[in-house]
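Undergrad: Sequence plus predicted model, see below.
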Amino acid sequence: MEKDLSNYRRSYDKGQLLIENVPENPIELFRDWFLEVDKHFPQDETNAMTISTIGLDGYPKSRVVLLKKYTHKGFIFYTNYASEKGKAISANPNVCLSFFWHGAERQIIIKGMVEKVADNLSDSYFESRPRGSQLGAIASKQSEVIDSRDHLDSNLKRLEEQYKDKSIARPKTWGGYIVKPVEIEFWQGRPNRLHDRLRYQLQEDSNWKIDRLSP
């Protein structure tokens, strides 16, 4: 089976990205873009981002996770530390995040290093999750092979009975990571494939160097 996609194309004309109009700190530009997309393009799941890691088998692997917080220090998400993703991060903390907001014709690519957030932050976020999501974090040993869907459903049912009328503590194998950026690239679609690309690179003095890249 094959399908020719060579005629799949569209024109990008919803914005521009000029170096003279951007802030010195890329986190400020990220914030501005995030808020604009969240307001004007509700069809996009604004905090959905792709994280790419280098697996233990040497291959890169990408998957979508949800950004739960961003600060001047970096970008925070939560997952199972014992998952394939978590094991890859333990072996190689260099990762790449990417956001693609098709409604706004914008993309952000973030290179950085990962580290775990403090336990109290993971505890606080876990407590804020819906009860079903809390139990799901315990019911699923993420990335492990299972026999069937029934395995998950029976685990969840057992845990619902076990924790009936009880509080649920955060599993020690589940918690938050923060990606501390060393490079952030902003991409704005433009006509004729002459897109705007601005790259911020962190310098030794903690300032950011901004370059325009050819599309």
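TA: It's in.
Undergrad: Mind listing what's buried along the helix or strand containing Leu97?
TA: Here Leu97 sits within strand 94-101, counting by DSSP states H and E. Residues of strand 94-101 classed as buried by neighbour count (16 or more other C-beta atoms under 10 Å): 95-99, 101. The C-beta positions use only the backbone N, C-alpha and C, and glycine is treated the same way.
Undergrad: other SSEs contacting that strand?
TA: Counting contacts by 3 or more C-beta pairs under 8 Å, 6 or more residues apart in numbering; DSSP states H and E, strand 94-101 packs against strand 48-54, strand 106-116.
Undergrad: So which of these is nearest Leu66?
TA: Distance to Leu66, taken as C-beta to C-beta, is lowest for strand 48-54 among the helices and strands packed on strand 94-101, at 6.1 Å.
Undergrad: That closest one pairs with which strands?
TA: strand 60-66 (antiparallel), strand 94-101 (antiparallel) (DSSP bridges).
Undergrad: closest to Ala82 out of those?
TA: Closest to Ala82 of those, according to C-beta to C-beta: strand 60-66, at 15.5 Å.
Undergrad: Give me the distance between the closest one and the centre of its chain.
TA: Distance of strand 60-66 from its chain centroid, counting by C-alpha atoms, centre = their mean, to the nearest Å, is 7 Å.
Undergrad: Next secondary structure after it?
TA: Remark: after strand 60-66, the chain's next helix or strand is strand 69-70, criterion DSSP H and E.
Undergrad: Show me what that next one pairs with in its sheet, parallel or antiparallel.
TA: Sheet partners assigned to strand 69-70 using DSSP bridges are listed as strand 75-80 (antiparallel).
Undergrad: Please name every helix or strand in contact with the helix or strand containing Arg212.
TA: Take DSSP H and E as the rule and Arg212 turns out to sit in strand 208-213. Judged by 3+ C-beta pairs under 8 Å, 6+ apart, the packing partners of strand 208-213 are strand 196-202.
Undergrad: Mind exporting the C-alpha coordinates of the least confident helix or strand in the chain by mean pLDDT to PDB?
TA: In the chain, no helix or strand scores lower on mean pLDDT, DSSP states H and E than helix 149-162, which sits at a mean of 88. Taking Å, rounded to 0.1, in the frame of the first residue of the first chain, the C-alpha atoms of helix 149-162 are listed here in PDB:
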ATOM      1  CA  ARG A 149      -6.800  -4.700  28.800                       C
ATOM      2  CA  ASP A 150      -8.500  -6.800  31.500                       C
ATOM      3  CA  HIS A 151      -5.300  -6.800  33.400                       C
ATOM      4  CA  LEU A 152      -5.500  -3.000  33.800                       C
ATOM      5  CA  ASP A 153      -9.200  -3.000  34.500                       C
ATOM      6  CA  SER A 154      -8.900  -5.600  37.200                       C
ATOM      7  CA  ASN A 155      -6.000  -3.800  38.800                       C
ATOM      8  CA  LEU A 156      -8.000  -0.600  39.000                       C
ATOM      9  CA  LYS A 157     -11.000  -2.300  40.400                       C
ATOM     10  CA  ARG A 158      -8.900  -4.000  43.100                       C
ATOM     11  CA  LEU A 159      -7.300  -0.700  44.000                       C
ATOM     12  CA  GLU A 160     -10.700   1.100  44.200                       C
ATOM     13  CA  GLU A 161     -11.700  -1.400  46.800                       C
ATOM     14  CA  GLN A 162      -8.300  -1.200  48.600                       C
END
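Undergrad: Fine by me, we can end here.
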